[in-house]
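[1] Quick one, structure for this:
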Amino acid sequence: MKKEIWLLRHGKAKRDAHYQDFDRPLKKWGQQAAGLVGEWLKQEGLTPDLVLSSPAKRAHDTAKLAVAALESHHQIQLDKRLYFEGMDAIKAVIAEHGSSAEQLLIVGHNPDFEDLLIHWVGAAQIPLGEKLLPTAALARITFTSDGQNLDAGSGQLVSLIYAKSLAHSKQNDKD
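    Model prediction:
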């Protein structure tokens with residue numbers, strides 16, 4: 001069984017003194033971007049077997065919007081270990097919840113997601129450029145084993161999808 005894990009960083013969130021970090025809502029662009037990523041997944045025929053999300057408002061809302069755009073009825077499982085507890089915690093969540101899922105969507109945060117992506121695929125597969133996983137970016141990683149081996153270098157980067165690129169592409173389609 002081939003396993004795919006999709007790391008989706010939450011959409012752009014508000015930053016102001018009115019919100020604790022955990023409770024920060026998505027900005028309008030963050031909402032749109034989450035929907036664009038969900039639409040892209042749908043167009044590509046990619047439907048996760050399981051959706052896991054950080055319980056932080058911005059991540060959970062991103063997960064809900066992406067799943068809605070997929071037009072699927074997935075339950076989103078929240079796990080507090082996906083909120084800034086490091087890549088070992090994320091791997092533990094995957095082992096606990098996602099071991100039977102062939103295609104797993106995880107919505108969470110940097111720097112944990114970038115660290116995990118580099119850990120799994122190695123620096124040689126990472127494209128040079130600006131920020132690796134800006135808000136509403138999706139990294140699609142495959143594992144040739146049964147998914148039980150999520151050690152360093154065990155993954156292959158299939159694609160990096162950026163919501164800003166999807167928005168530009170959609171705009172160009174209209175022109």
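
[2] so residue 83 touches residue 22, yeah?
    Yes - with contact defined as Cβ atoms under 8 Å, residue 83 reaches residue 22; the gap is 7.1 Å. Every C-beta, even on glycine, is put in place using the N, C-alpha and C of the backbone.

[3] remind me which residues of this protein are low pLDDT?
    Of all residues in the chain, those with pLDDT under 70 make up the ranges 1, 128, 130, 145-148, 170-175.

[4] Try it again at 80.
    Along the chain, segments meeting pLDDT under 80 span 1, 73, 98-99, 124-125, 127-130, 144-149, 168-175.

[5] Could you pull out the helices in it for me?
    Assignment of helices within the chain using DSSP state H yields the ranges 28-43, 57-70, 87-97, 112-121, 163-174.

[6] Which of those helices sits closest to residue 5?
    In terms of Cβ to Cβ, the element of these nearest to residue 5 is helix 87-97, at 7.0 Å.

[7] what sits up against that closest one?
    By Cβ atoms under 8 Å, 6 or more residues apart in numbering, the surrounding residues in contact with helix 87-97 are 5, 50, 52, 77, 79, 81-82, 104, 106, 108, 112-113, 115-116, 119, 150.

[8] Give me the buried entries from those.
    Buried members of those, counted by 16 or more other Cβ atoms under 10 Å: 5, 50, 52, 77, 79, 81-82, 104, 106, 108, 112-113, 116, 119, 150.

[9] about what we covered before: shared neighbours of residue 83 and residue 22, which are they?
    Between them, residue 83 and residue 22 share the contacting residues 55-56, judged by Cβ under 8 Å, 6+ apart.

[10] who has more neighbours, these two?
    residue 83 (18 against 14; other Cβ atoms under 10 Å).

[11] Tell me how far the nearest residue to residue 85 once chain neighbours are set aside lies from residue 90.
    Among residues not flanking residue 85 along the chain, residue 112 sits closest, at 7.5 Å (Cβ to Cβ, 6 or more residues apart in numbering). Between residue 112 and residue 90 the distance is 6 Å, computed by Cβ to Cβ, to the nearest Å.
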